[in-house]
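Participant: Sequence first, then the predicted structure, then my questions.
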Amino acid sequence: MLTSEELDLITQSPYKQDFPLLAANPGLAYLDSAATAQRPAAVLDAQRRFYETMNANPLRGLYQLSVEATAAIDAARKHIAGFIGAVDEKGKPQGNQIVFTRNASESLNLVAKTLGAQVLGPGDQVVISIMEHHSNIIPWQQVCAQTGAELVYLRLDDRYEITPQEIEDKIGPRAKIVSVTHVSNVLGVENDVAAIARRAHQMGAYMVVDGAQSVPHVKVDVRQLGCDLLAFSAHKLGGPMGIGVLWGRKDLLDAMPPFLTGGEMIDSVTETGAVWAPVPQKFEAGTQDAAGSYAFDADIAYLEGKGFDALESRERLLARYLCEQLQALPFVDVIGPAEPERHVGAVSFNVRGVHPHDVASILDMSQVCIRAGHHCAQPLLAYLDVENGATCRASVAFYNDKSDVDRLVVALEQVWKIFHGND
């Protein structure tokens, strides 16, 4: 259980005032940040500032506005690279390793349709885990069907862990690509990606990481993870919707074919062929969301200004408190690790005998926002044999506080009374 000193740290949030939606709705308990985070005013202001002060198409003009827009996007790439540890031996951020996409889903599709199609053939294997989001399942299902490769799943033990033995057994010499989530969006567990990456590289496979749920909550360093490619989205960090990132080793990105073709991603075009632009432009066909990239840069600046380590520590306390309070309710079953400290950001649960959709709808009447459904992870819920194939999920961010969780608990007690009276 949290100590009194730890409870004091999460009793009030000094951050809610920075988020216009939360500041305007003090009665709202927003517990769905795993789906999308709220945006701080700094992000909203930056997006508007781009359109008001430098609205031009980056890379396509030699006039001042276009030059400024180009410089702003280049700066954003470097800032994002530094944020995830994509730096050279001198600590210089490698902005040319940052590809902007629409979201993590598009980033993973890009990898499957380019790298996958390039290296996979009959008899090869793609290894993923059973806890993957559909965005890290369906693209691999499709590319395996197209190439004749086999899709292999890493399974969980009764502690919701991928064991060293499972890693050794499933990632063998036939593996060409291993693609695993860093943090489960359902269970909240953090996988030992570094260990999985070591095994993948020993077998000559590429290591892809879905960082959609980890980059917002834990300090990610691609060098320490040992991955070759990392996908994540801006909106789960508090940045704009419609901006995703694919980081990759420069030599690997250079070797991968383009995903989409058209304007901006070429160096030259003739009637019979084309020469691709260098990375990252090779993967960014057409006009990109420059304002969104600029605002994402501002979002990272906001997070760093608050001290990311402090935000991470606060979120861990909030997740522990959330799990502890749910475990204390006799009619609630937590789905995932029994240890509260192992939940990164999210806790899934069910109210006995009540469908998750009903739970979420009733909670909404009390202005408590949670997620209900299969969370785009149907294979995992089937593997765990979860009733109705659905769960409730409450997820926290650093702007939450103790009162948000307490209001969830009170509202859940009301749910139980509605369906079961005072039993």
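Facilitator: Noted; the coordinates are in hand. These numbers come from a predicted model, not from an experiment.

Participant: Which residue, other than its chain neighbours, is closest to residue 380?
Facilitator: Spatially, and ignoring its direct neighbours in sequence, residue 380 is nearest to residue 131 (4.9 Å; Cβ to Cβ, 6 or more residues apart in numbering). For glycine as for every other residue, the C-beta is placed from the backbone atoms N, C-alpha and C.

Participant: what helix or strand is that neighbour on?
Facilitator: For residue 131, there is no host helix or strand (DSSP states H and E).

Participant: hang on, isn't it packed against residue 186?
Facilitator: Yes. The criterion here is Cβ atoms under 8 Å, and residue 131 meets it with residue 186 at 6.8 Å.

Participant: gap between the residue nearest the centre of the chain and residue 239?
Facilitator: The C-alpha lying nearest the average C-alpha coordinate of the chain belongs to residue 212 (Cα atoms, centre = their mean; 1.0 Å). To residue 239, residue 212 is 12 Å away according to Cβ to Cβ, to the nearest Å.

Participant: Quick check: neighbours shared by those two?
Facilitator: By Cβ atoms under 8 Å, 6 or more residues apart in numbering, residue 212 and residue 239 have no common neighbours.

Participant: Tell me where the stretch 301-423 of the chain has strands.
Facilitator: Counting by DSSP state E, counting those that start in this stretch, the stretch 301-423 of the chain has strands at residues 332-335, 346-351, 368-369, 371-373, 391-395.

Participant: Where do the helices of the stretch 1-150 of the chain begin and end?
Facilitator: Along the stretch 1-150 of the chain, the segments classed as helices by DSSP state H, counting those that start in this stretch run 4-10, 20-24, 41-53, 64-83, 104-111, 117-119, 138-147.

Participant: residues in contact with the fifth one?
Facilitator: Taking contacts as Cβ under 8 Å, 6+ apart, the residues outside helix 104-111 that touch it are 99, 101, 135-136, 139, 179, 208, 210-212, 229, 231-233, 244-246, 256, 259, 283.

Participant: For PyMOL, write a command that selects the buried ones of those.
Facilitator: Buried residues within these, by 16 or more other Cβ atoms under 10 Å, are selected in PyMOL with:
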select buried, resi 99+101+135+136+139+179+208+210+211+212+229+231+232+233+244+245+246+256+259+283
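
Participant: so of the contacts of helix 104-111, which ones are in helices?
Facilitator: residue 139 (DSSP state H).

Participant: and residue 189, how many residues sit next to it?
Facilitator: By the criterion of other Cβ atoms under 10 Å, residue 189 has 21 neighbours.

Participant: Quickly list the domain ranges of the protein.
Facilitator: Following automatic domain parsing, one gets these domains for the chain: 4-30+307-420, 46-304.

Participant: out of those, which comes closest to residue 36?
Facilitator: domain 46-304 (4.9 Å; Cβ to Cβ).

Participant: That closest one spans what distance, first to last residue?
Facilitator: 16 Å (Cα to Cα, to the nearest Å).

Participant: what's the spacing between residue 321 and residue 347?
Facilitator: Between residue 321 and residue 347 the computed distance is 10 Å (Cβ to Cβ).
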